[in-house]
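Chemist: Got a predicted structure here, sequence first:
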Amino acid sequence: MAQHPVLPDPQLLDFCTARQREILQAVIDAGSQKGATAALGITPQVVSQTIMAVKKKAAARGYAPEADMHHPTVAPFVVKGTSTLYDDNGNQKLQWVKTQLDAKQVEEAVREWIESLTQDAKGMSPLIAPPKHTNADLLAVYPIGDPHVGMYAYAAETGADFNADIAERQIQGAIDRLVTSAPPAETGLIVELGDLIHADNSKNMTLRSNNTLDVDTRWSRVMQIGLRIPIYAVKRALSKHKRVIVRIVKGNHDEHSSFAIALALDAYFHNNPRVKVDLSPAEHWYYRFGKVLIGVTHGDKAKFPAMPGIMACDRPQDWGATRYRHWYQGHIHHEHKVEYPGCVVEAFRTLAARDAWHAGEGYRAGRDMCLIVHHKEFGEIERHRCDLAMIEGGGK
C-alpha cells in the first residue's frame, strides 16, 4: 500500500517568516515536498531545512504536538522548559510550561513601539542655510565618547560634580569649539560612541550585569536631555558642513534607549535632506570615504586585536579599495590607540566625570572631545582637541 506524504501542520504557518510561509504553503497546496520544489524552483534540501527551522521555532514558542505541547506562548516569551504528568495509560494529565523573555524579541518589540510613537512627529527641525563653500575632499569626524547623560557624581566623593545639566552644557561647549575650528569639509560625521544614556530605564541598573548606577533626576528628563544633545550637535554641524551623517551607537548602558534617541533624532530631521541618521541595529558600523574606511562600535564586546579582522571580514571590498582604516570606539573612557597591520584601533575619552565606583577603583583619565579631519586621498590630515578646561575654565 502506498504511503501518503506527511504534510506540514498548517498551524506552523503562524511561526513563519514571509519566505518560510511561502514554502510551507506550497508544500501544503502541492500535497508533497517534491511538488513544492517544482512549483517554486528550489531544491528539496531548502524545503526540508525550512520545515525543520519552523518546527524548532514553534517548539521554542511552546507548540510541538508530537511532544504534547499544544499551547503557544505569547511573544516576546519563549518556552524555558516543560514538565508533563501522564497516567498509567500514557494519557497526559497535567503539564507545566515555564517561559522566559526572549531578548531578541524584546528588542524588536521596543523598536516597533518606538517607531509607532514617532510616526506623527516627523520633520520638526528648522531648515538651516547650507554653507556657501565646502571642500568635497574633506570629511570632519566628531567622535563623542560615552556621554553618560543622567549619571550623578558628588565632587567631595569623586573629584568633580556631574549631572544631566552639566553633561549637556559641557558637550554643547565642546561641539561649539570643535565646529568652529573645523575646516569647511563637505561632510560632517557625528559618531556618538555608546552610553549616551547612563541608565537604560528607571530601574537604574545595567541591563546585563544588574549593577546599581548613580543617577541624577528622573529617567524621562534624562531622555529629553539625551535627545537635545545630538540635535544641538547636528544643528551646529549643519552650519559648517553641506551634509551631516549621524550614528548613535548602542552601549552597554543604553541598549534600548540609544535606539529611542536615534529614532527620535531621525524623525526630527526627517524634513532635512542634508541630514542622514543611520538606524542600523548592527554592533559594527562602517563609513567609506575615498581611500578611508572607518568602523564604529562601542567596544564592550570584541577586544582591540580582533577589530582589524572583523573589519576585513565585514567589508572585504572596502578593505581592499582603501589604504587608511580606522576603528573608533568608546567604553573604556581613556585614550588608547594601537596600530595593527592595515588598521588603527582607537578608543576615545569622555567628557563625563567619574562616578563613585570608578573613582574608588582609581580611574583618573583626562576628559576631552576630538575632531578628526580626513582627506579622501591622504587619510587623517589634522586633529583638534577640546579639553574640559577649555569649556569650564580650568575644570577638573
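Modeler: Noted; the coordinates are in hand.
Chemist: C-terminal to the lengthiest helix in the chain, what's the next element?
Modeler: Scanning the chain for the longest helix, with DSSP state H as the assignment, gives helix 219-238. Next in sequence after helix 219-238, counting helices and strands by DSSP states H and E, comes strand 243-248.
Chemist: in its sheet, what does that following strand sit against?
Modeler: Partner strands for strand 243-248, per DSSP bridges, with pairing direction: strand 185-192 (parallel), strand 275-278 (parallel).
Chemist: So for stretch 55-75, what gets flagged as buried?
Modeler: For stretch 55-75, the neighbour count (16 or more other CB atoms under 10 Å) marks 55, 57, 58, 59, 60, 61, 62, 63, 64, 69, 72, 73 as buried. In this view, the C-beta of every residue, glycine as well, is placed from N, C-alpha and C.
Chemist: And what about the second one, helix, strand or coil?
Modeler: Three-state secondary structure (criterion: DSSP: H, G, I helix; E, B strand; the rest coil) places residue 57 in helix.
Chemist: mind listing what it touches?
Modeler: Each residue near residue 57 by CB atoms under 8 Å, 6 or more residues apart in numbering is listed here: residue 15.
Chemist: deepest of the strands paired with strand 243-248, which one?
Modeler: For the strands paired with strand 243-248, the largest average neighbour count (mean count of other CB atoms under 10 Å) is found in strand 185-192, namely a mean of 25.
Chemist: Now do that one and helix 219-238, the angle between them.
Modeler: Strand 185-192 runs at 160 degrees relative to helix 219-238, counting by axes from the mean of the first three to the mean of the last three CA atoms, to 10 degrees.
Chemist: bridging residues for the nearest residue to residue 142 once chain neighbours are set aside?
Modeler: Closest residue in space to residue 142, ignoring its immediate chain neighbours: residue 190 at 4.8 Å, by CB to CB, 6 or more residues apart in numbering. Counting by DSSP bridges, residue 190 forms beta bridges with residue 142, residue 246.
Chemist: wait, residue 153 sits on residue 161?
Modeler: Yes: using CB atoms under 8 Å, residue 153 makes contact with residue 161 at a distance of 6.3 Å.
Chemist: Which of these two has more residues huddled nearby?
Modeler: residue 153 (22 against 15; other CB atoms under 10 Å).
Chemist: how close does the residue nearest to residue 142 sit to residue 123?
Modeler: The spacing between residue 190 and residue 123, counted by CB to CB, to the nearest Å, is 20 Å.
Chemist: what's the answer for residue 14, then?
Modeler: According to CB to CB, residue 14 stands 37 Å off from residue 123.
Chemist: what's the neighbour count on residue 311?
Modeler: Neighbour tally, residue 311, other CB under 10 Å: 25.
Chemist: oh, I was asking about residue 260
Modeler: 23.
Chemist: what's it sitting at in phi/psi?
Modeler: The phi and psi values for residue 260, taken as degrees, to the nearest 10, are phi -60, psi -40.
Chemist: looking at it, it is touching residue 223, isn't it?
Modeler: Yes: the pair residue 260 and residue 223 passes the contact test of CB under 8 Å, sitting 7.0 Å apart.
Chemist: residues making contact with stretch 344-351?
Modeler: Residues outside stretch 344-351 that contact it (CB under 8 Å, 6+ apart): 143, 145-148, 167, 170-171, 174, 193, 299, 304, 307-308, 325-338, 365-370, 388.
Chemist: about what we covered before: which of residue 14 and residue 123 has more residues huddled nearby?
Modeler: More crowded of residue 14 and residue 123, by other CB under 10 Å: residue 14, with 13 against 10.
Chemist: Please give me every residue in contact with the more buried one.
Modeler: So residue 14 contacts 58, 63, 72 (CB under 8 Å, 6+ apart).
Chemist: so what pLDDT did it get?
Modeler: Residue 14 carries a pLDDT value of 87.
Chemist: again with residue 142
Modeler: Model confidence at residue 142, expressed as pLDDT, equals 98.
Chemist: How about the contacts made by it?
Modeler: Contact analysis of residue 142 by CB under 8 Å, 6+ apart lists 175, 178, 179, 188, 189, 190, 191, 233, 237, 369, 370, 371.
Chemist: what about it, distance to residue 371?
Modeler: Per CB to CB, residue 142 is found 6 Å from residue 371.
Chemist: show me where the stretch 51-200 of the chain has helices.
Modeler: Remark: helices assigned in the stretch 51-200 of the chain by DSSP state H, counting those that start in this stretch are 103-118, 155-158, 164-181.
Chemist: So which residue is smack in the middle of the protein?
Modeler: Central residue of the chain (CA atoms, centre = their mean): residue 250, 3.6 Å from the mean position.
Chemist: That one touches residue 258, doesn't it?
Modeler: Yes: shown here, residue 250 and residue 258 form a contact pair, counting by CB under 8 Å, at 4.7 Å.
Chemist: so what sits against both of those two?
Modeler: Joint contacts of residue 250 and residue 258 (CB under 8 Å, 6+ apart) are residue 194.
Chemist: which stretches of the protein have low pLDDT?
Modeler: For the chain, the stretches flagged by pLDDT under 70 are 1-6, 71, 73-82, 85, 95-122, 394-396.
Chemist: What residue spans form the domains of it?
Modeler: What the record gives for the chain is the domain set 1-60, 104-392, from automatic domain parsing.
Chemist: wait, which of the ones you listed is closest to residue 83?
Modeler: Taking CB to CB, domain 1-60 is the member of these nearest to residue 83, at 15.4 Å.
Chemist: re the thing from before, out of the strands paired with strand 243-248, which comes closest to residue 50?
Modeler: Shortest distance between residue 50 and the strands paired with strand 243-248, using CB to CB, is found for strand 275-278: 31.9 Å.
Chemist: could I get that closest one in CSV with only the CA atoms?
Modeler: Extracted as CSV, the C-alpha positions of strand 275-278 are listed here (Å, rounded to 0.1, in the frame of the first residue of the first chain):
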residue,chain,number,x,y,z
VAL,A,275,20.9,65.1,7.4
LYS,A,276,21.1,61.3,7.5
VAL,A,277,20.6,59.4,10.8
ASP,A,278,21.7,55.8,10.4
